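[1] Could you look at this predicted model? Sequence included:
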Amino acid sequence: MNPAIPTLIAIAVALGACSTNPKTEDDPGPSPVRISTDNPAPDSADELYLKAKALLNRKQYESAVQDFNNLEATFPFSDYAAQARLDITYAYYKLKEYDSTTAAADRFLKLYPQSEQADYAYYLKGLANFSRGKSVFESLVPRKLYRMDQSALRGSLSDFSTLVTRFPGSSYAEDSQARMDLLTNEMARHELSTAEYYFERSAMVAVINRVNTMLETYPDSPYAADALSLMARAYIALGNRTLAAETVKSLEAKAPGHPDLRVFTSIRG
């Protein structure tokens, strides 16, 4: 082996190790480099990896993807192949190619299901789905997640949930849990928004069905009280004061200070 290669690998490991913690700007950084040096791959594999890693560190993501793919195809059974697949996943994420990100992560998880870096793959998948619909003006005009395609948010929630469940000690677990809480609340808000849409169009049965689904799925949502208020109004519109009164009681129990309770004074028993 080229005598300079062990030193270069050590540098790459150090660079990767500095990037193991989640970043505040939806960027976990490249995965930590965990390549065994007990039985090093041939010199050409070392050199291919280090060349691709250097491109990644210089943010030349498209070129890095090409070189990592070449490495993976040329040395599919080396330790470098698994690391290259993770780096490909990260490069696609940085390129905002989210379909390619999730596909690359899925390939890694299929090929290396027992990898100790599987948490990183799930985290990138979650971030990719979470980031769909993001614009360059995100810092100025934040997205309204509850108005977005919910299938992407459900995918993100599933990825973060898998990470937290399978890898509770992961350095990405805390951030994943925080994102799960946000996603759950935004999904509940989506259900409420949909119910409000039906209410505006006098589709009261649809309102009631939607609110019931929301309360069953997200019982602890901060939007549950507003949903109960909407349901009570739907029952009143349908002329069913009995169910309206029962709903108002549920609202009072959940949020005794809710401002809409004043509106329901006449049916509060």
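    Right, received. Where do you want to start?
[2] Okay, and residue 108 sits in which element?
    Assigned by DSSP states H and E, residue 108 falls within helix 98-111.
[3] List of residues touching that helix?
    82, 85-86, 88-89, 92-93, 115, 118, 121-122, 124-125, 128-129, 131-132, 155 (C-beta atoms under 8 Å, 6 or more residues apart in numbering). (C-beta placed from N, C-alpha, C; glycine too.)
[4] change it to 6 Å
    Residues outside helix 98-111 that contact it (C-beta atoms under 6 Å, 6 or more residues apart in numbering): 85, 88, 89, 92, 93, 121, 124, 125, 128, 132.
[5] Please apply the same query to stretch 217-226.
    Stretch 217-226 has contacts (C-beta under 6 Å, 6+ apart) with 185, 188, 189, 192, 254, 255, 258.
[6] What about residue 183? Give its phi and psi, please.
    With angles defined as degrees, to the nearest 10, residue 183 sits at phi -60, psi -40.
[7] Return the distance of it relative to residue 199.
    25 Å (C-beta to C-beta, to the nearest Å).
[8] Show me the strands in the stretch 1-150 of the chain, by range?
    Counting by DSSP state E, counting those that start in this stretch, no segments of the stretch 1-150 of the chain form strands.
[9] For the nearest residue in space to residue 208 that is not next to it in sequence, report the pLDDT, please.
    Leaving aside its chain neighbours, residue 208 sits nearest to residue 234 (5.3 Å; criterion: C-beta to C-beta, 6 or more residues apart in numbering). Here the pLDDT value assigned to residue 234 is 97.
[10] what helix or strand is residue 234 on?
    Counting by DSSP H and E, the element that carries residue 234 is helix 224-237.
[11] cool, residue 242 as well?
    Residue 242 belongs to helix 241-254 when assigned by DSSP H and E.
[12] Please save the CA atoms from that helix in PDB.
    C-alpha atoms of helix 241-254 as PDB (Å, rounded to 0.1, in the frame of the first residue of the first chain):
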ATOM      1  CA  ARG A 241     -78.300  19.600  19.800                       C
ATOM      2  CA  THR A 242     -77.800  16.500  21.900                       C
ATOM      3  CA  LEU A 243     -74.600  15.500  20.100                       C
ATOM      4  CA  ALA A 244     -73.600  19.200  20.000                       C
ATOM      5  CA  ALA A 245     -74.000  19.400  23.800                       C
ATOM      6  CA  GLU A 246     -71.900  16.200  24.300                       C
ATOM      7  CA  THR A 247     -69.200  17.600  22.100                       C
ATOM      8  CA  VAL A 248     -69.100  20.900  23.900                       C
ATOM      9  CA  LYS A 249     -68.700  19.000  27.200                       C
ATOM     10  CA  SER A 250     -65.700  17.200  25.700                       C
ATOM     11  CA  LEU A 251     -64.300  20.600  24.600                       C
ATOM     12  CA  GLU A 252     -64.800  22.000  28.100                       C
ATOM     13  CA  ALA A 253     -63.000  19.100  29.700                       C
ATOM     14  CA  LYS A 254     -60.100  19.300  27.300                       C
END
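[13] Might you list the low-confidence residue ranges for the stretch 151-269 of the chain?
    Filtered on pLDDT under 70, the stretch 151-269 of the chain yields the residue ranges 268-269.
[14] Which parts of it are helices?
    Assigned by DSSP state H, counting those that start in this stretch, the helices in the stretch 151-269 of the chain fall at 173-200, 204-217, 224-237, 241-254.
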